[in-house]
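Colleague: build me a model:
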Amino acid sequence: IQLDVDDKVLIERVVGRRTDPVTGRIYHMVYDAPTDKDVISRLVQRSDDTEEKAKVRLDAYYQHASALLNRYKALVTKINGMQDKGSVFKQVEAVIRK
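Modeller: Numbering: from 1, shown residues only. Have a look, this model is predicted:
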(Lines give C-alpha, C1' and ligand atoms only; values in the text may rest on other atoms or scores of the structure.)
Protein backbone atom coordinates (compact mmCIF):
# COMPACT_ATOMS: atom_id res chain seq x y z
CA ILE A 1 0.00 0.00 0.00
CA GLN A 2 1.34 3.40 -0.98
CA LEU A 3 -0.33 6.42 0.57
CA ASP A 4 -0.08 9.38 -1.78
CA VAL A 5 0.18 12.62 0.22
CA ASP A 6 1.64 16.00 -0.72
CA ASP A 7 5.03 16.65 0.88
CA LYS A 8 3.85 19.92 2.45
CA VAL A 9 0.99 18.08 4.14
CA LEU A 10 3.27 15.31 5.39
CA ILE A 11 5.62 17.87 6.90
CA GLU A 12 2.70 19.72 8.51
CA ARG A 13 1.44 16.45 10.00
CA VAL A 14 4.84 15.62 11.46
CA VAL A 15 5.63 19.10 12.79
CA GLY A 16 2.24 19.42 14.50
CA ARG A 17 2.43 16.09 16.31
CA ARG A 18 2.68 16.09 20.12
CA THR A 19 2.60 13.36 22.75
CA ASP A 20 1.13 13.40 26.24
CA PRO A 21 3.84 11.72 28.35
CA VAL A 22 1.31 10.80 31.03
CA THR A 23 -1.18 8.94 28.85
CA GLY A 24 0.92 8.25 25.76
CA ARG A 25 -1.80 9.70 23.56
CA ILE A 26 -0.67 11.43 20.39
CA TYR A 27 -2.30 14.70 19.41
CA HIS A 28 -1.96 17.03 16.45
CA MET A 29 -1.99 20.73 17.21
CA VAL A 30 -4.09 21.51 14.11
CA TYR A 31 -6.17 18.41 13.42
CA ASP A 32 -6.68 16.89 16.88
CA ALA A 33 -5.60 19.36 19.54
CA PRO A 34 -6.43 18.68 23.20
CA THR A 35 -8.78 21.08 24.94
CA ASP A 36 -7.67 20.41 28.52
CA LYS A 37 -5.17 23.05 29.66
CA ASP A 38 -3.31 20.54 31.87
CA VAL A 39 -2.83 18.20 28.93
CA ILE A 40 -1.72 21.05 26.68
CA SER A 41 0.86 22.18 29.22
CA ARG A 42 2.56 18.78 29.38
CA LEU A 43 2.64 17.91 25.67
CA VAL A 44 6.06 17.16 24.21
CA GLN A 45 7.34 17.12 20.67
CA ARG A 46 9.71 14.39 19.53
CA SER A 47 13.16 15.71 18.72
CA ASP A 48 12.89 14.38 15.16
CA ASP A 49 9.48 15.95 14.47
CA THR A 50 10.96 19.08 12.98
CA GLU A 51 10.58 20.39 9.44
CA GLU A 52 14.27 19.88 8.71
CA LYS A 53 14.31 16.26 9.85
CA ALA A 54 11.02 15.50 8.10
CA LYS A 55 12.52 16.76 4.84
CA VAL A 56 15.55 14.50 5.35
CA ARG A 57 13.23 11.52 5.90
CA LEU A 58 11.25 12.40 2.77
CA ASP A 59 14.45 12.66 0.73
CA ALA A 60 15.49 9.21 1.95
CA TYR A 61 12.05 7.85 1.09
CA TYR A 62 12.26 9.16 -2.47
CA GLN A 63 15.79 7.79 -2.90
CA HIS A 64 14.77 4.27 -1.90
CA ALA A 65 11.06 3.92 -2.64
CA SER A 66 11.19 4.14 -6.42
CA ALA A 67 13.22 0.93 -6.72
CA LEU A 68 10.82 -0.94 -4.47
CA LEU A 69 7.73 0.48 -6.15
CA ASN A 70 9.08 -0.46 -9.58
CA ARG A 71 9.99 -3.97 -8.45
CA TYR A 72 6.61 -4.65 -6.81
CA LYS A 73 4.36 -2.43 -8.97
CA ALA A 74 2.00 -5.32 -9.67
CA LEU A 75 1.39 -5.70 -5.95
CA VAL A 76 1.24 -2.04 -4.92
CA THR A 77 -2.06 -0.29 -4.43
CA LYS A 78 -1.89 3.49 -4.36
CA ILE A 79 -4.34 5.27 -2.06
CA ASN A 80 -5.00 8.99 -1.97
CA GLY A 81 -3.86 9.93 1.52
CA MET A 82 -5.24 13.45 1.14
CA GLN A 83 -8.76 12.21 1.91
CA ASP A 84 -10.26 12.18 5.39
CA LYS A 85 -8.83 9.49 7.64
CA GLY A 86 -12.06 7.45 7.64
CA SER A 87 -11.98 7.13 3.86
CA VAL A 88 -8.29 6.27 3.85
CA PHE A 89 -8.83 3.64 6.55
CA LYS A 90 -11.67 2.00 4.61
CA GLN A 91 -9.56 1.79 1.47
CA VAL A 92 -6.54 0.40 3.32
CA GLU A 93 -8.77 -2.13 5.06
CA ALA A 94 -10.28 -3.20 1.72
CA VAL A 95 -6.81 -3.77 0.24
CA ILE A 96 -5.69 -5.81 3.24
CA ARG A 97 -8.83 -7.96 3.13
CA LYS A 98 -8.29 -8.90 -0.55
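Colleague: remind me, longest helix of the chain?
Modeller: Longest among the helix segments of the chain by residue count, using DSSP state H, is helix 51-71.
Colleague: helices and strands around it, which ones?
Modeller: Contact here means 3 or more C-beta pairs under 8 Å, 6 or more residues apart in numbering; DSSP states H and E; on that basis helix 51-71 packs against helix 7-15. No exception for glycine: its C-beta is placed from N, CA and C like everyone else's.
Colleague: give me the neighbour count for I11.
Modeller: 19 (other C-beta atoms under 10 Å).
Colleague: and the closest residue to it other than its chain neighbours, how many neighbours?
Modeller: Of all residues not flanking I11 in the chain, A54 sits nearest, at 4.7 Å (C-beta to C-beta, 6 or more residues apart in numbering). Close neighbours of A54, defined as other C-beta under 10 Å, add up to 18.
Colleague: and for V14?
Modeller: V14, neighbours per other C-beta under 10 Å, totals 20.
Colleague: how about the contacts made by I40?
Modeller: In this structure, I40 makes contact with 33-34, judged by C-beta atoms under 8 Å, 6 or more residues apart in numbering.
Colleague: can you tell me the element it falls in?
Modeller: Assessed by DSSP states H and E, I40 sits inside helix 37-42.
Colleague: what separates that helix from the chain centre, distance-wise?
Modeller: Between the centre of helix 37-42 and the centre of its host chain there is 23 Å, according to C-alpha atoms, centre = their mean, to the nearest Å.
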